[in-house]
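[1] build me a model:
(one chain, ligands or ions: 1)
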Amino acid sequence: MKRARLIYNPTSGREEIKRNLPDILDILESYGIETSCHQTKGNGDATIAAKEAVERGFDIVIAAGGDGTLYEVINGIVGMEHRPQMGIIPAGTTNDFARALRIPRDFKNAAKIIGTQHSKVIDIGRYNDKYFINIAGGGRLTELTYEVPSKLKTVLGQLAYYLRGIEKLPFLKPINITLETEEKIFSEEAMLFLIANSNSVGGFKKLAPNGNFSDGLFDVIILKKTNLPDFIRIAKLALKGEHINEPNVIYFQTNKLKVYPNNSDKVLVNLDGELGGSLPGQFEVLKHHIEVLVPPNIK
Ligand SMILES: Nc1ncnc2c1ncn2[C@@H]1O[C@H](COP(=O)(O)OP(=O)(O)OP(=O)(O)O)[C@@H](O)[C@H]1O
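    Residues are numbered from 1 along each chain as shown. Down below sits the predicted model:
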């Protein structure tokens, strides 16, 4: 039998994970996976729990929650010498990463996928001393994710982010930054920059059209300073993946880059929807770093 540690956030999404736990544990057991659980108590707890699970020699660590929980679990596993397999049960509001890996939202089907033991080795992004799995970014719009109260998120789901975004759009100021790789330098007044490890971000399924978790590369997108009508037009194009040829959009791939502000303004860095520090800093891909349990049709 394999041993798994299931770390779940009782407050994720619509707060449905807890009452589904007995079914999830039954399914895992039927595949020969003996599972114990840890309920997270608050911010950062999933990182501590994941680290403990690694030290206690579990074969699989399962993150049950949203992207925030996944982010915390990843930060507990990455950097450890022996890294267990990782399972995901999507229970959050957006679940970008789970969606990109086609892990179903249905808890029971997600548990079956863990049981099936088909895995994919994926890249992890590092920003200074922190790690992310899906996306990093900066710019005033990305800072809104810290402001949506959890109550509003529970009731309205993803719509809560959009509502807050639309409300703030007319007041968004650009940031003045430099992004530097070994080959190129971009110094721009930008609305935002995004550094993606996958292609599906915040409901934008084709935001990084060439995004791939295992290619050892980030997809970098910079949206230059724009006026409000252009901003809305480009956001609409981005929903269809048609934004990268826009003159106001810079798009390239790299495995390493430095990003720093050109003035004294503080620019916060968002890692998988969580606050991950501020600029300046260095982003780097850790190629093929974690083995994630995914549906059999994912290569
Ligand atoms: N017991 C708890 N009470 C309150 N907050 C918690 C608790 N356990 C974890 N958290 C915090 O809840 C935050 C959000 O969790 P998570 O991302 O799983 O759900 P979500 O916000 O609904 O989903 P998504 O990130 O996909 O939109 C995390 O930052 C985590 O630290």
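
[2] I'd like to know how many residues surround residue 280.
    Residues near residue 280, counting by other C-beta atoms under 10 Å, number 14. Using the backbone N, CA and C atoms, a C-beta is placed for each residue, glycine as well.

[3] my guess is it meets residue 261, correct?
    Yes. Taking contacts as C-beta atoms under 8 Å, residue 280 lies within contact range of residue 261: 6.8 Å.

[4] quick one: the helices in the protein?
    Per DSSP state H, the chain carries helices over the ranges 17-30, 45-55, 67-77, 96-100, 107-116, 140-143, 150-156, 159-168, 228-239.

[5] and those, which one is worst for confidence?
    Per-stretch mean pLDDT for these is lowest at helix 150-156 (a mean of 59).

[6] could I get the helices of the chain as JSON lines with mean neighbour count and distance to residue 6?
    What follows is those, written out as JSON lines (neighbours: other C-beta atoms under 10 Å; distance: least, C-beta to C-beta, whole Å):
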{"stretch": "helix 17-30", "mean neighbour count": "16", "distance to residue 6": "7"}
{"stretch": "helix 45-55", "mean neighbour count": "20", "distance to residue 6": "9"}
{"stretch": "helix 67-77", "mean neighbour count": "26", "distance to residue 6": "10"}
{"stretch": "helix 96-100", "mean neighbour count": "25", "distance to residue 6": "15"}
{"stretch": "helix 107-116", "mean neighbour count": "20", "distance to residue 6": "9"}
{"stretch": "helix 140-143", "mean neighbour count": "20", "distance to residue 6": "30"}
{"stretch": "helix 150-156", "mean neighbour count": "15", "distance to residue 6": "21"}
{"stretch": "helix 159-168", "mean neighbour count": "15", "distance to residue 6": "27"}
{"stretch": "helix 228-239", "mean neighbour count": "15", "distance to residue 6": "34"}
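
[7] which stretch among those comes nearest residue 286?
    Nearest to residue 286, of all the helices of the chain, is helix 67-77, at 10.8 Å by C-beta to C-beta.

[8] contacts for stretch 197-211?
    Contact with stretch 197-211 is made by 94, 96-97, 99-101, 122-125, 132-135, 158, 161, 194, 196, 212-213, 218-219, 221, 238-241, 244, 253, 285, as judged by C-beta atoms under 8 Å, 6 or more residues apart in numbering.

[9] appreciated, that's everything.
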